[in-house]
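# Structure here, sequence nowhere to be found:
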Ligand code: ATP
Ligand code: MG
């Protein structure tokens, strides 16, 4: 393409609305524009990147035996009511009515719709396994759409679903999709980690997220420095429990007045004790009915997904003020495991087992207890791994220690079991003629988010540094002065020859100063720049520069086309 014919409105100024680098650079490089909060136009360069991600996804899934379909974006409420998600999904689900007053939603994910399709068409075990995917616009009315394409409201997702006769076959497909996802993100040229993940609102029992490593990532991931264990921090297990802090001679239990001091920090400051001497007491409502007391050490953070797992619960929610008062007889801020007015189950994090000389709420207003000894004062607890992992915690798999990194979730695979097939009555007849609910897996990739994640991971002060497989164009040719005939004709010839070889190339035929052209080239992030300038050309040479490198190399103009084509073919290994 010739740049004078292209629609690439680059910006010099950093747009005020953008917080993260990918958002700033996508706007500045003229790839996207905001239409409404979390809703964007994709301009030509943006679309080219999008199509590249899509094409890699499509090729690898097809290679793995999945078939592409396209489901409606507008979905009838009945299917969502049948699965129970119409009520559970909350405000993220964009709902509306048609002219006949029938309810619909704009699909945020398509388990219901695809299960409905399959239940209508599939009868026998001979029809499975079946793996279907689509690449489609999704809508989630996110509470806080932000960071441009990283968390939009309207975004493009690849969502895939597989159907099987039994769990074993579904797990086999899960592994096949896991491998396909690895190939996809390898081919995108991204640094990522698959991590064990919570199954969240979609439900199911086994899941991995694919996290692109980037300091700006919204997710924290825990990985072992010695083995390949990695997990989302929500889920990450902790190996050897931290030994409880013991004081030499256990003190007697004593009331201490702590007027108005409710939080651990407040009480710790007030009593001049460190936070690890505290038993933090939280009350949770489990599966909508049972009140459970949850204990973690004062300096630790509770992980709700881990609590859910430990209790084998579907839902856990922090208790409200009234529930806290009913169980403890005290206002919020003074709860503790000793002397509760109502008998409730108590679960404690491993780090509290055996703790002594500790402090906790006294279940009385403005009062805490000191000298608390777990074994003596509240022996009836179920110990579990409940807290959020921290740097240097023990790996749950090996002798190693863990580190924390930031990541951007670009994909997730789930083993779903029969959750949706049972709800929607999607069954097949097995070889013996028995009717069985289909086993399902579900597999998503954020196509637009992948585009943003690629930038978060690959940029510098001057702009985007696209990995070659995702770049909107592979090469830009910059004649430093378009008006000069010798430069123009050389640039034009290189351009024509590269095009003929199938190289994706832009010719910067604008009448701009070289500085402007270089700035735009760096901002847009073409992996390779060819500069046609008067001095080099006198020596019969042009300059070749990779976006990743600081320096350019001169090469004979007669060899330029072959060298560039080879570099592009070989993924730009070096000159
Ligand atoms: P998150 O935890 O970031 O909200 P999710 O786990 O709810 O995402 P999934 O249901 O797993 O998302 O959707 C599959 C993929 O779609 C995600 O891995 C992510 O890459 C992408 N995605 C989800 N929500 C958004 C969004 N608001 N904007 C852009 N991409 C998104
Ligand atoms: Mg997810």
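Nice, I can see it. If you're wondering where the values come from, they're calculated on a predicted model, not measured in any experiment. Ligands and ions are numbered 1, 2, ... in the order given.
# What does the pLDDT read for the residue of the stretch 151-300 of the chain found nearest ligand 1?
With distances taken as C-beta to the nearest ligand atom, the stretch 151-300 of the chain approaches ligand 1 most closely at residue 155, which sits 3.7 Å away. C-beta: built from backbone N, CA, C; applies to glycine. Residue 155 is assigned a pLDDT of 98 by the prediction.
# ok, now residue 523?
According to the model, residue 523 carries a pLDDT of 98.
# re the thing from before, quick one: contacts for the residue of the stretch 151-300 of the chain closest to ligand 1?
137-138, 140, 149, 446-449 (C-beta atoms under 8 Å, 6 or more residues apart in numbering).
# Between which two of the residues you listed is the distance greatest?
Of all pairs drawn from the contacts of residue 155, the widest gap by C-beta to C-beta lies between 140 and 447 and measures 14.3 Å.
# who has more neighbours, those two?
Each of residue 140 and residue 447 had its neighbours counted (other C-beta atoms under 10 Å), and the higher figure belongs to residue 447 (25 against 22).
# Now do the one residue in the stretch 251-400 of the chain that gets nearest to ligand 1: how many residues are near it, please.
Residue nearest to ligand 1 within the stretch 251-400 of the chain (C-beta to the nearest ligand atom): residue 305, separated by 11.8 Å. Residue neighbour count, defined by other C-beta under 10 Å, stands at 18 for residue 305.
# any idea how far it lies from residue 228?
Here the distance between residue 305 and residue 228 works out to 21 Å (C-beta to C-beta, to the nearest Å).
# and what of residue 488?
Taken as C-beta to C-beta, the span from residue 488 to residue 228 is 54 Å.
# near ligand 1, which residues of this protein?
Within reach of ligand 1 by C-beta under 6 Å from any ligand atom, the chain has these residues: 109, 140, 142, 151-152, 155, 157, 200, 202, 409-412, 444, 446, 448-449.
# Looking at the residues you listed, which are in helices?
When helices are assigned by DSSP state H, the members of the residues of the chain next to ligand 1 inside them are 448-449.
# Emit the ChimeraX select command for whichever of the residues of the chain next to ligand 1 are buried.
ChimeraX command restricting the residues of the chain next to ligand 1 to the buried ones, with burial defined by 16 or more other C-beta atoms under 10 Å:
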select :109,140,142,151,152,155,157,202,409,410,411,412,444,446,448,449
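# Can you tell me which of the residues of the chain next to ligand 1 end up in strands?
Filtering the residues of the chain next to ligand 1 for membership in strands, criterion DSSP state E, returns 155, 157, 409-412, 444, 446.
# Assumed residue 91 was part of a helix.
Yes. Checked against DSSP: H, G, I helix; E, B strand; the rest coil, residue 91 lies within a helix.
# Which residue is the nearest non-sequential neighbour of it?
residue 141 (6.0 Å; C-beta to C-beta, 6 or more residues apart in numbering).
# For that neighbour, give me the pLDDT.
Per-residue confidence (pLDDT) for residue 141: 97.
# The one 3 residues further on too?
Listed pLDDT for residue 144 reads 91.
# what sits against it?
Neighbour list for residue 144: residue 151 [criterion: C-beta under 8 Å, 6+ apart].
# begin at 630 from here
From this message on, residue numbering opens at 630, which makes the last subject residue 773.
# A strand includes it, no?
No. For residue 773, which was evaluated using three-state DSSP, the result is coil, with no strand membership.
# Quickly note the distance from it to residue 800.
Computed as C-beta to C-beta, the residue 773 to residue 800 distance reads 35 Å.
# do residue 1033 as well
Counting by C-beta to C-beta - residue 1033 and residue 800 are separated by 30 Å.
# likewise residue 1058?
22 Å.
# Residue in the protein with the shortest distance to ligand 1?
Per C-beta to the nearest ligand atom, the residue of the chain with the smallest distance to ligand 1 is residue 1075, at 2.2 Å.
# Nearest to the spatial middle of the protein, which residue is it?
When the chain is reduced to its mean C-alpha position, the closest residue under C-alpha atoms, centre = their mean turns out to be residue 1038, at 1.6 Å.
# For it, give the beta-bridge partners.
Partner residues in beta bridges with residue 1038, using DSSP bridges, are residue 840.
# pretty sure it contacts residue 839?
Yes. With contact defined as C-beta atoms under 8 Å, residue 1038 and residue 839 form a contacting pair (7.2 Å).
# mind listing the helices for the stretch 930-1079 of the chain?
Along the stretch 930-1079 of the chain, the stretches classed as helices by DSSP state H, counting those that start in this stretch are 933-940, 950-957, 1003-1006, 1048-1052, 1076-1086.
# on that earlier part again, ok, the residue of the chain closest to ligand 1 - contacts?
Residue 1075 is in contact with 784-786, 1038-1040, counting by C-beta under 8 Å, 6+ apart.
# that older thread, between residue 1117 and residue 857, tell me which one has more neighbours.
More neighbours surround residue 1117 than the other of residue 1117 and residue 857, with 16 against 10 (other C-beta under 10 Å).
# Can you verify the more buried one is assigned to a helix?
Yes. Note on residue 1117: a helix contains this position according to three-state DSSP.
# residue contacts, it?
Residue 1117 touches 1108, 1111, 1138, counting by C-beta under 8 Å, 6+ apart.
# most surrounded residue in the residues you listed?
Top of these by neighbour count (other C-beta under 10 Å): residue 1108, with 29 neighbours.
# my guess is it meets residue 1138, correct?
Yes. Contact criterion C-beta under 8 Å: residue 1108 and residue 1138 qualify, at 7.5 Å.
# and for these two, which residues touch both?
The contact sets of residue 1108 and residue 1138 overlap at 1117, 1120 (C-beta under 8 Å, 6+ apart).
# tell me the phi and psi of residue 852?
For residue 852, the backbone dihedrals (degrees, to the nearest 10) come out as phi -140, psi 150.
# circling back to that earlier point, roughly how far apart are the residue of the stretch 880-1029 of the chain closest to ligand 1 and residue 714?
19 Å.
# just residue 859 next, same as before
When C-beta to C-beta is the yardstick, residue 859 and residue 714 sit 30 Å from each other.
# Residue 657 too?
Using C-beta to C-beta, one obtains 39 Å as the distance from residue 657 to residue 714.
# now do residue 1056
20 Å.
# So for these two, which residue has more residues nearby?
Remark: of residue 1056 and residue 714, residue 714 carries more neighbours, 22 against 17, as counted by other C-beta under 10 Å.
# contacting residues for that one?
Going by C-beta under 8 Å, 6+ apart, the list of residues near residue 714 reads 722, 741.
# Likewise for residue 1200?
Contacts here follow C-beta under 8 Å, 6+ apart; on that basis residue 1200 touches 1097-1098.
# Also residue 799?
Contacts here follow C-beta under 8 Å, 6+ apart; on that basis residue 799 touches 758, 791, 793, 1044, 1046, 1068-1070.
# So which of those residues sit within strands?
Using DSSP E, these in strands are 791, 793, 1044, 1046, 1068-1070.
# Of all pairs in those, which one is the farthest apart?
Farthest apart among the ones in strands among the contacts of residue 799 by C-beta to C-beta are 791 and 1046. That separation is 12.2 Å.
# Mutual contacts of those two, please.
Overlap between the neighbourhoods of residue 791 and residue 1046 consists of 799, 1069, taking contacts as C-beta under 8 Å, 6+ apart.
# higher neighbour count, those two?
Of the pair residue 791 and residue 1046, residue 791 is the one with more neighbours under other C-beta under 10 Å, namely 28 against 19.
# per-residue confidence at the more buried one?
With respect to pLDDT, residue 791 scores 98.
# So it is in contact with residue 758, correct?
Yes. Contact status for residue 791 versus residue 758: in contact at 6.3 Å, counting by C-beta under 8 Å.
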